[in-house]
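**Student:** predicted model follows, preceded by the sequence.
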Amino acid sequence: MTTPISHSMPQDAGADHTVAEIAQQPAVWREVAGIVAGGRDSLDAFLAPLFAEKDLRIVLTGAGTSAFAGEVARAAVARATGRRVDAVSTTDIVADPHASFPDDVPTLLVSFARSGDSPESVAATRLAEQVLTHVNHLVITCNAAGHLALEHGPRAESHVLFMPPVSNDRGFAMTSSFTGMLLACLLAFGALGTEDIEAPAAAAEHITAGGLDRAIDALLARRPERLVYLGSSSALKGLAHESALKLLELTGGALVASSESSLGFRHGPKSVLNDRTAVVVYVSNDPYTRRYDLDIIAELRANLPSGSVVAVTASPDGVPGDDTWVLPGLVGADDAALALPAVVTAQLVALRSSLALGIRPDNPFPSGEVNRVVRGVTVHDLPQRQDDVA
């Protein structure tokens, strides 16, 4: 495996884990494809009776980056299964379970968890069982020893998909754990096939081998103080959320990062723009949605300094101006598949921004105010509702 990632990266920058975990993603994806294929029979046996329920609802859940995996996957899973699929964070489930599960219908709760040790991870599954009459669990996790895996592993109403151990990222921010779990979900529900993995993997290898080094360097040479990520499709808006979070995490909050849809950006969030703002637009492969992404690129490039607006796209066709980062071999791919190599660009922007600020990416919060596994959450007992008592 190659880990060049940057021709100028210091060897003692406190980035060893983060660098390796970004670079290993194509190999992780291929291993994930093998894991899902190898466990296909038992997975299908678990899912078959659930899909016999005509009103089955699928809820994709996690916290932070894990929640964004659900946002990226949601539309593709809905198309593949023909079922209602919602992305609802564990933090929302724990805070307001009745609103998260408003209808008592058969539900498959798909939990994404790097460690499975965050307080909300197990709590969300227990609250789902408290609120719903019929709920099953598909747990996608990188940690076989985590609380979530240990609780659900032995249960007949649960199925646990273990990701490659190497994807249990040791760096502060989730990188290969995010893309590995996202891919596992897409494969599990047939939104992608094993044959669809090679193109995103090859594109990611192109990026980590330095294919976009100069372009990323040029963007960061502008020393932006604010960075906005935009995406219009359901998958790419979720990706924009994850991209902004990665920059916030790896720079310890020193750089302001935000995210929106291309259309939604005009409705207030555009206020963040100034001469020190950079904007990255993820351009959809859907011909209709793509037009809105191209519109905002043209508008922003006409009003911001040259080099401030980047388009990340599978095809440069129709993209106005320069500063276009092309993801090779992905023309026509589903936006959820496009998100796999596209997020690598955001990870590298965050990594290099962190290093430029003198921050150690493996531990950007040495004082411990933000932790790799969330601490300090008290999960309160859910009182029984009066209508339930009646």
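**Tutor:** Thanks, I have it. Numbers count the residues shown, from 1 in each chain.
**Student:** which stretches of the stretch 51-200 of the chain form strands?
**Tutor:** All strands of the stretch 51-200 of the chain, identified by DSSP state E, counting those that start in this stretch, fall at 57-61, 84-87, 107-113, 135-141, 158-162.
**Student:** now the ones you listed in TSV, please, with extra columns for distance to Ser353.
**Tutor:** Every residue, glycine included, has its C-beta placed from N, CA and C. What follows is these, written out as TSV (distance: least, Cβ to Cβ, whole Å):
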stretch	distance to Ser353
strand 57-61	29
strand 84-87	27
strand 107-113	26
strand 135-141	29
strand 158-162	33
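**Student:** separation between Gly238 and Ala333?
**Tutor:** Between Gly238 and Ala333 the distance, using Cβ to Cβ, to the nearest Å, works out to 16 Å.
**Student:** looking at these two, which is more packed in?
**Tutor:** In terms of neighbours (other Cβ atoms under 10 Å), Gly238 is the more surrounded of Gly238 and Ala333; the figures are 26 against 20.
**Student:** what's the helix or strand hosting that one packed up against?
**Tutor:** Element membership of Gly238 [criterion: DSSP states H and E] is helix 234-250. Using 3 or more Cβ pairs under 8 Å, 6 or more residues apart in numbering; DSSP states H and E as the contact criterion, the elements in contact with helix 234-250 are helix 65-81, strand 226-231, strand 256-260, strand 277-282, helix 335-356.
**Student:** what about the strands in the stretch 251-390 of the chain?
**Tutor:** Under the criterion DSSP E, counting those that start in this stretch, strands of the stretch 251-390 of the chain are mapped to 256-260, 277-282, 309-313, 324-326.
**Student:** what's the angle from the helix holding Gly238 to strand 226-231?
**Tutor:** Helix 234-250 and strand 226-231 are oriented at 160 degrees to each other (axes from the mean of the first three to the mean of the last three Cα atoms, to 10 degrees).
**Student:** quick check: Asp44 is in a helix.
**Tutor:** Yes. Under the criterion used here (DSSP: H, G, I helix; E, B strand; the rest coil), Asp44 sits inside a helix.
**Student:** what sits against Ala173?
**Tutor:** Ala173 makes contact with Thr18, Thr65, Lys246, Glu249, Leu250, Ala350, Pro361 under the criterion Cβ atoms under 8 Å, 6 or more residues apart in numbering.
**Student:** show me the residues around the last one that make contact.
**Tutor:** Just to be clear, that refers to Pro361. 13-15, 18-19, 171-173, 250, 350-351, 354-355.
**Student:** can you check the fifth one too?
**Tutor:** By Cβ under 8 Å, 6+ apart, the residues touching Leu250 are Thr18, Phe172, Ala173, Ala350, Leu351, Ser353, Ser354, Ile359, Pro361, Pro364.
**Student:** hang on, the earlier thing: tell me which two of the contacts of Ala173 sit farthest apart.
**Tutor:** Pairwise distances among those were taken by Cβ to Cβ; the largest, 14.8 Å, belongs to Thr65 and Pro361.
**Student:** out of the helices and strands packed on helix 234-250, which gets nearest to Leu47?
**Tutor:** Among these, helix 65-81 sits nearest to Leu47 (Cβ to Cβ), with 9.3 Å.
**Student:** check which helices and strands that closest one is in contact with.
**Tutor:** Using 3+ Cβ pairs under 8 Å, 6+ apart, helix 65-81 sits against strand 57-61, strand 84-87, helix 90-95, strand 107-113, helix 176-188, helix 234-250, helix 335-356.
**Student:** can you give me the buried ones in it?
**Tutor:** The neighbour-count check on helix 65-81 (16 or more other Cβ atoms under 10 Å) flags 65-78, 80-81 as buried.
**Student:** just give the closest residue to the residue nearest the centre of the chain, not the sequence neighbours.
**Tutor:** Nearest to the mean C-alpha position of the chain, by Cα atoms, centre = their mean, lies Ala69 at 3.7 Å. Closest residue to Ala69 in three dimensions, ignoring its sequence neighbours and counting by Cβ to Cβ, 6 or more residues apart in numbering: Leu182, at 4.4 Å.
**Student:** just give me the neighbour total for that neighbour.
**Tutor:** Other residues near Leu182 come to 34 when the count uses other Cβ under 10 Å.
**Student:** on that earlier part again, of the strands of the stretch 51-200 of the chain, which stretch is the most buried?
**Tutor:** Of the strands of the stretch 51-200 of the chain, the one with the most neighbours on average (mean count of other Cβ atoms under 10 Å) is strand 107-113, at a mean of 28.
**Student:** what pairs with that one, and is each one parallel or antiparallel?
**Tutor:** strand 57-61 (parallel), strand 135-141 (parallel) (DSSP bridges).
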